[in-house]
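Visitor: here's my sequence, what's the structure:
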Amino acid sequence: MIHLTGTVLHGDGVASDAWIDGGTITYTRPVGADRAHTIRGVAMPGLVDVHCHIGLGADIVVERSEALAQAATVLATGVTLVRDLGVPADMTWIDAESNVPHIIHCGTHIARQKRYIRGVSRDIEPAELPDVIVEEARRGNGWVKLVGDWIERSKGADADLEPLWPREILIDAVQAAHEAGAKVAVHTFATETIDDLLEAGVDDIEHGTGMTPDQMQEVAARGILVTPTANQVATFAAIAEQAGAKYPVYARRMMGMYENRVEHMAAMADAGISLLMGSDSGSTLSHGTFPSELQACVDAGIPASAVIAAASWEGRRRLGFSALEEGSAADVVVYSDDPRSDMSVLDSPLAIIRDGRLVSEATD
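Guide: Modelled structure (predicted):
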């Protein structure tokens, strides 16, 4: 048994004490509480990284040993729940491991030929999308990942971000996914893609760097989730530099979004969008960077209170998971102070608990 004391932030409010017994949490002192292991600090539901690629690395699909190391690194940051937004391999084997977060699998990214990172996506023709999205949905745990736009290099110097899917096909595909019991998350940078996503009724927009103020208002009104991925957007300057003279139109757009990133993310929060937090770790960004992602979102103008809520109790609930309500599974991270007032504590959790099991505890 574990006794949490100090401050316990949970989906229904705040408590001063809680006990973990048999893998679940209770706010009523149980029999045998005097023998419990006590952890003092600010406890909250384990963090949720909704955009993470465990099993993906510089060489695309990594060996099992490296995937386990990635997962352990993520868990060590207090992340007990991951939505793995696309890996071109069956990663369900990792669910049997203990020193890993809970993982929501999303199958493989769906894209078109030469319109995404080579080797990462399942590349198809537009007409195939409704059938393929159902196939990938069946491989996942209720989510599927689409690439909504990417550079169209065939246009040479005029190349720019362009939507991948005709609107009517996208509408049919999203409907098919929903009928199969899956929600749809879409990678998008471009303004031109957003209206199609709204028409199609997607559930989650990843990055969303091209959204206009009017589109933000509509996204908020429809309750569509958005993951800002501040660390990924911070790489846009390097992407623009790499595009350089070969793709000047694309380079200007990426640099413009980079330069406007702070105002843009603050505007998302001001619009009342339901935010999620995601590191986009895997391949180009390292695993274990979730704390820096949260700090980057705060630095970009999203209030710390909104960032921490989205990374913990609100984010978990938005994905359909418990948030330390009475009798729910005990996924917990404990800090020395409230991260809403001191973000630095995110770098050094006092304790991490997964399914009621103490995974790690700091020692003096």
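Visitor: where does the residue nearest the centre of the chain fall, phi/psi-wise?
Guide: In the chain, the C-alpha closest to the average C-alpha coordinate belongs to Val50, at a distance of 1.9 Å (C-alpha atoms, centre = their mean). The phi and psi values for Val50, taken as degrees, to the nearest 10, are phi -90, psi 0.
Visitor: what about it, distance to Val79?
Guide: 10 Å (C-beta to C-beta, to the nearest Å). (Glycine included, C-beta is placed from N, CA and C.)
Visitor: try Ser360
Guide: 12 Å.
Visitor: with Met44 instead?
Guide: Going from Met44 to Val79 by C-beta to C-beta gives 12 Å.
Visitor: list the contacts for Ala180?
Guide: 133-134, 137-138 (C-beta atoms under 8 Å, 6 or more residues apart in numbering).
Visitor: how about 6 Å then?
Guide: Listed by C-beta atoms under 6 Å, 6 or more residues apart in numbering, the contact partners of Ala180 are 134, 137.
Visitor: same question, Glu192
Guide: Pro163.
Visitor: wasn't it part of a helix?
Guide: Yes. Counting by DSSP: H, G, I helix; E, B strand; the rest coil, Glu192 is part of a helix.
Visitor: out of Ser360 and Val79, which sits in the more crowded spot?
Guide: Val79 (29 against 16; other C-beta atoms under 10 Å).
Visitor: surely the more buried one touches Phe290?
Guide: Yes. Counting by C-beta atoms under 6 Å, Val79 touches Phe290, with 5.4 Å between them.
Visitor: between these two, which contacts overlap?
Guide: Asp49.
Visitor: quick one: the closest residue to Pro163 other than its chain neighbours and Pro248, what's the gap?
Guide: In space, and not counting its chain neighbours, Pro163 is closest to Thr193: 4.6 Å by C-beta to C-beta, 6 or more residues apart in numbering. From Thr193 across to Pro248, the span is 21 Å (C-beta to C-beta).
Visitor: these two: which is more packed in?
Guide: Thr193 (25 against 15).
Visitor: what number of residues lie near the residue lying closest to Val233 once chain neighbours are set aside?
Guide: Distances taken as C-beta to C-beta, 6+ apart put Arg261 closest to Val233, at 4.9 Å, once the chain neighbours are dropped. Here the count is done by other C-beta under 10 Å, and Arg261 has 20 residues near it.
Visitor: ok, now how distant is Arg261 from Gly210?
Guide: 12 Å.
Visitor: so which residues of the stretch 1-150 of the chain form helices?
Guide: In the stretch 1-150 of the chain, the segments counted as helices under DSSP state H, counting those that start in this stretch are 64-75, 129-139.
Visitor: now distance to Gly244, mean neighbour count and mean pLDDT too, for the ones you listed, in JSON lines please.
Guide: Formatted as JSON lines, these follow (distance: least, C-beta to C-beta, whole Å; neighbours: other C-beta atoms under 10 Å; pLDDT from 0 to 100):
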{"stretch": "helix 64-75", "distance to Gly244": "32", "mean neighbour count": "18", "mean pLDDT": "97"}
{"stretch": "helix 129-139", "distance to Gly244": "32", "mean neighbour count": "18", "mean pLDDT": "97"}
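Visitor: select, out of those helices, the one closest to Phe321.
Guide: helix 64-75 (15.8 Å; C-beta to C-beta).
Visitor: now do the strands in the stretch 151-300 of the chain.
Guide: 161-163, 183-188, 204-207, 225-227, 274-275 (DSSP state E, counting those that start in this stretch).
Visitor: mind putting those into a markdown table with distance to Ile302?
Guide: Output for the strands of the stretch 151-300 of the chain, formatted as a markdown table (distance: least, C-beta to C-beta, whole Å):
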| stretch | distance to Ile302 |
| --- | --- |
| strand 161-163 | 24 |
| strand 183-188 | 19 |
| strand 204-207 | 15 |
| strand 225-227 | 11 |
| strand 274-275 | 7 |
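Visitor: next, format the ones you listed as a markdown table and append distance to Tyr335, mean pLDDT and mean neighbour count.
Guide: Formatted as a markdown table, the strands of the stretch 151-300 of the chain follow (distance: least, C-beta to C-beta, whole Å; pLDDT from 0 to 100; neighbours: other C-beta atoms under 10 Å):
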| stretch | distance to Tyr335 | mean pLDDT | mean neighbour count |
| --- | --- | --- | --- |
| strand 161-163 | 39 | 98 | 19 |
| strand 183-188 | 29 | 98 | 25 |
| strand 204-207 | 27 | 98 | 26 |
| strand 225-227 | 23 | 98 | 24 |
| strand 274-275 | 21 | 98 | 20 |
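Visitor: among the ones you listed, which is nearest Gln242?
Guide: Closest among these, using C-beta to C-beta: strand 161-163, at 14.9 Å.
Visitor: partners of the closest one in the sheet?
Guide: strand 149-151 (antiparallel) (DSSP bridges).
Visitor: list the contacts for Ser322?
Guide: Counting by C-beta under 6 Å, 6+ apart, Ser322 has contacts 328-329.
Visitor: shouldn't it be within a helix?
Guide: No. Read with three-state DSSP, Ser322 is coil and lies in no helix.
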